[in-house]
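Asker: sequence plus predicted model, see below.
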Amino acid sequence: MSDVPPSIADLRRDYRLAELDESDVAADPLEQFDRWFQEAVRAELPEPNAMTLATIGLSGRPAARTVLLKGLEGGGFVFYTNYQSAKAREIEQAPQAALLFFWGGLERQVRIEGTLDKVSAAESDTYYRKRPLGSRIGAWASPQSQVIEARTMLEARMADFQARLGEDPPRPPHWGGYRLIADTLEFWQGRTSRLHDRIRYRLDGGRWIIERLAP
């Protein structure tokens, strides 16, 4: 048996688990998303709420990172971050963004595009109180996206805020949520021979248009 790993170009997989047809999807894309999301949870996929968030960088170049979906409230996709972070500065400049969920174990992905806005302070407060204590303190301690000298500086700030704020810290004013309200969603189901199923929802005049895209 050869110990030589395959080249990148030789890595491939034929998708055969399922199919996706226009007649099977919900009329509302958020309902369809919830169906697929619950299936990903039941399949015990690792971090099914992990999503790539792509924004327009301050330089004009695309910028992407993984964040965690924390709610579908208010007709949109909610996540939380430091409002002084790089992503928040990018959102402030250009509030259009895209999300990508990839559930490899189910041979599925969902692409989402739309506009971002901050959630209410009350919503941010409610979620903040649900976080583990360490995460709540960390929101105070980390100057997210800023250059720091060493991890020891971060750990010192963590200890300092822990001592000052105790067991019930308030939400930092610079930390909270965003909600992406989608106008386009694409549900992608892997199929054999790379002839994947792609069903797109497109908002047009206040109603959702459902259409199939070529793979």
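Answerer: Perfect, thanks for sending it. Numbers count the residues shown, from 1 in each chain.
Asker: residue 182 against residue 77, yeah?
Answerer: Yes - under the contact definition of C-beta atoms under 8 Å, residue 182 touches residue 77, with a separation of 7.1 Å. The way it works is simple: take the backbone N, C-alpha and C, and place the C-beta from them, glycine included.
Asker: neighbour count: those two, which is higher?
Answerer: Applying other C-beta atoms under 10 Å to residue 182 and residue 77 shows that residue 77 carries more neighbours, namely 28 against 20.
Asker: please state the backbone phi and psi of the more buried one?
Answerer: Main-chain dihedrals, residue 77, degrees, to the nearest 10: phi -100, psi 120.
Asker: got the contact list for it?
Answerer: When contacts are counted by C-beta atoms under 8 Å, 6 or more residues apart in numbering, residue 77 is found next to 51, 69, 71, 99, 112, 179-180, 182.
Asker: can we see that at 6 Å?
Answerer: Contact analysis of residue 77 by C-beta atoms under 6 Å, 6 or more residues apart in numbering lists 69, 180.
Asker: use 464 as the first number for this chain going forward.
Answerer: Fine by me, first position is 464 from now on; the one you just mentioned is residue 540.
Asker: tell me how far it lies from residue 524.
Answerer: Taken as C-beta to C-beta, to the nearest Å, the spacing of residue 540 relative to residue 524 amounts to 23 Å.
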